[in-house]
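Engineer: Dropping a prediction and its sequence here:
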Amino acid sequence: MTGRRDVDEELRARLHEAAGAHEPDRARILARVERGMAGRGRDRPGHHGATRPPLLGWARVAGATAAVAGVLAVGGYAVASALKDDAPPQRSVATSPAPAPSREATTSRAPAPPADPTPSAPPGTETPEPPASSRPPAATGSATARPPVSAVEDGPLWSDGSVDPHSHDFWAQSNITLKTGEPLTALTVELVVAQTGGVASTGAWRSLPEEDFTFTVEERDGFLVHRWTLKQGRTVPAGEWMFAGQYDHERGDRDAGGDRYSATATAGSERLSVQGDFAPRDGGS
């Protein structure tokens, strides 16, 4: 393979030298042609002095010149072809297509809290607290009085209120947990959220079947009231159940001290009633 490459390189070198060294003497060729044509004219009878070569002679001169130019062109093309044939062939690389993005599976969990609607402050900075005069007044009235511990339990019905740990500076979720040792044939649950500024409902859910309840939410006397009512003919089985209300609020660590909940129920022929707030308490029975 190496010997053949050496022969090819030597051939190309000689072709280059031949093409460069070959320079036809066009003036000499034309002079010889003219002398030949002039001699032919003197041999003719009746010739007197130098005569102009006929048209045919000039056509031959032009043809000879064109032939020389053609030889030079063919030689140059042969040299270029010899050089081009030795160039390495171009290669193409095939690439596989990028994989299509996979679709995430959906779940039946409770709605996730929304993302922070405003950009966070740069590191090392603190958000100034609003002056006391611009803060919303705390809710007043009977709903602000903290119910006694005994009110969170009535017979087979026990209750507790808590602020969901996923709450943040712009959004919160209040959870009401009910435990019943007997089936309930009637149940109404109310979540009362104090209007501390910018409070607006963003949804609600419960761990019992949605079609078993009628749900409403309304503004009333400075509070946002969520209400779940068990439909007639439906039953809440014995067990532990949760009711949750979600809402936006003004930026900051919201005070849930004015929030309350209550629940009324029927177990057999007995009427039950519980109520409480959202301060931490030990679990019930």
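Structural biologist: Looks like it came in fine.
Engineer: can you give me the helices for this protein?
Structural biologist: 2-21, 26-42, 55-85 (DSSP state H).
Engineer: Any idea which of those helices has the lowest pLDDT on average?
Structural biologist: Among the helices of the chain, helix 55-85 carries the lowest mean pLDDT, at a mean of 49.
Engineer: What sits closest to A256 if chain neighbours are left out?
Structural biologist: Closest residue to A256 apart from its sequence neighbours, by Cβ to Cβ, 6 or more residues apart in numbering: F278 at 4.6 Å. Every C-beta, even on glycine, is put in place using the N, C-alpha and C of the backbone.
Engineer: okay, S174: pLDDT?
Structural biologist: S174 is assigned a predicted lDDT (pLDDT) of 97.
Engineer: Tell me the spacing between the nearest residue to it once chain neighbours are set aside and R12.
Structural biologist: Take S174 and drop its neighbours on the chain: the residue closest to it by Cβ to Cβ, 6+ apart is G245, 5.3 Å away. Noted for G245: a distance of 89 Å to R12, by Cβ to Cβ, to the nearest Å.
Engineer: Those two - which one has more neighbours?
Structural biologist: The neighbour comparison of G245 against R12 (other Cβ atoms under 10 Å) goes to G245, with 30 against 15.
Engineer: In contact with that one, which residues?
Structural biologist: Taking Cβ atoms under 8 Å, 6 or more residues apart in numbering as the contact definition, G245 lies against Q173, S174, L191, V193, S201, A204, V217, L224, H226.
Engineer: just the residues you listed now: which is nearest P156?
Structural biologist: Proximity of these to P156 (Cβ to Cβ) peaks at L191, which lies at 21.7 Å.
Engineer: The stretch 101-250 of the chain: strands as residue ranges?
Structural biologist: Residue ranges of the strands in the stretch 101-250 of the chain, as given by DSSP state E, counting those that start in this stretch, are 153-154, 157-163, 171-180, 186-194, 200-206, 213-220, 223-230, 239-248.
Engineer: Mind listing the strands the last one pairs with, and their directions?
Structural biologist: By that I understand strand 239-248. Next to strand 239-248 in the sheet, as set by DSSP bridges, lie strand 171-180 (antiparallel), strand 200-206 (antiparallel).
Engineer: most packed of those?
Structural biologist: strand 171-180 (a mean of 21; mean count of other Cβ atoms under 10 Å).
Engineer: before we move on, back to that, now the contacts of G245 as a markdown table including distance to E34?
Structural biologist: Converted to a markdown table, the contacts of G245 look like this (distance: Cβ to Cβ, whole Å):
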| residue | distance to E34 |
| --- | --- |
| Q173 | 113 |
| S174 | 118 |
| L191 | 121 |
| V193 | 119 |
| S201 | 113 |
| A204 | 115 |
| V217 | 117 |
| L224 | 118 |
| H226 | 119 |
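Engineer: out of those, who's nearest E211?
Structural biologist: E211 lies nearest to A204 out of the contacts of G245, by Cβ to Cβ, at 14.8 Å.
Engineer: distance of the closest one from L30?
Structural biologist: According to Cβ to Cβ, A204 stands 109 Å off from L30.
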